[in-house]
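> have a look at this prediction, sequence included:
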Amino acid sequence: MNEAAVAWGEVAAKLRPFVARRVSPSDVDDVLQDVLLRMHRGLGDLADDARFSGWMYAIARNAIAEHGRSCTRHAVADAPEPAADAADDDRVAADALAACLTVFVSRLESPYREAITLVELQGMTAREAADIAGISVSGMKSRVQRGRAQLRAMLEQCCAIAVDARGKVTEVVPRARAVDPCRSPSCSR
């Protein structure tokens, strides 16, 4: 695909919600700019125009993961204060946990990180994700299942997570440690 054929405004408009769901609101513009810069630099290497969309999202996922890793290297912030309303408490707990997922997903080994990103974060079916990854549907399902198990283990090591009878997150309490490498500023917002 040549430079003239790319409508950068349309690409940015398509990527903004994708990035916004995965990083803190204050970081969306920085991450989006990084994605567009990476795309601009690598556009000449894209051999098949039909793969532009997948290539674009792969670059975005990599930039988001790198951003998540850089967040873990920053100062540790305190956990969010619980809300006064019980319904808000549940939402705060779930939001706090969801905000940290990008950091944890970025720590997964490559095949599991890609599977979780495609199926869980982007909402693709196992068949669609398998087609993109070039593996069988059962292979993709296996990777997603193993990735989920690894994510759960990482989350439980970092935080005490309380769930109700339906499995809904009701409380997230960071485990006390002298140094807590699993929390980042984006996880405390």
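Structure's in. What do you need?

> so residue 140 sits against residue 116, correct?
No: using Cβ atoms under 8 Å, residue 140 makes no contact with residue 116, being 10.7 Å away. To be clear about C-beta, it is placed using only N, CA and C from the backbone, and glycine gets the same treatment.

> point to the helix or strand of this structure where mean pLDDT is at its lowest.
Ranked by mean pLDDT, DSSP states H and E, the weakest helix or strand in the chain is helix 86-107, scoring a mean of 69.

> quick check: what element follows that one along the chain?
If you walk from helix 86-107 toward the C-terminus, the next helix or strand you reach (DSSP states H and E) is helix 110-116.

> please name every helix or strand in contact with that next one.
The contact analysis (3 or more Cβ pairs under 8 Å, 6 or more residues apart in numbering; DSSP states H and E) places helix 110-116 against helix 86-107, helix 126-133, helix 137-158.

> which elements pack onto the shortest one?
Of the remaining helices and strands, those touching helix 126-133 by 3+ Cβ pairs under 8 Å, 6+ apart are helix 110-116, helix 137-158.

> over the last one, what's the mean pLDDT, rounded is fine.
Along helix 137-158, the predicted confidence averages to a pLDDT of 91.

> can I see the domain layout of the protein?
What automatic domain parsing lists as the domains of the chain is 1-73, 76-189.

> from residue 157, how far out is the residue most central in space within the chain?
The chain has residue 102 as the residue nearest its centroid, 3.4 Å off, counting by Cα atoms, centre = their mean. To residue 157, residue 102 is 17 Å away according to Cβ to Cβ, to the nearest Å.

> can you tell me the SS state at residue 162?
Following DSSP: H, G, I helix; E, B strand; the rest coil, the label given to residue 162 is strand.

> residues near the residue lying closest to it once chain neighbours are set aside, how many?
Excluding the flanking residues, the one nearest residue 162 by Cβ to Cβ, 6 or more residues apart in numbering is residue 171, at 4.0 Å. Residues lying near residue 171 (other Cβ atoms under 10 Å) number 18.

> can you check the one 4 residues further on too?
Here the number of neighbours of residue 175 (other Cβ under 10 Å) works out to 12.

> and if you look at residue 116?
23.

> same question, residue 149
11.

> next: residue 143.
Neighbour count of residue 143, defined by other Cβ under 10 Å: 25.
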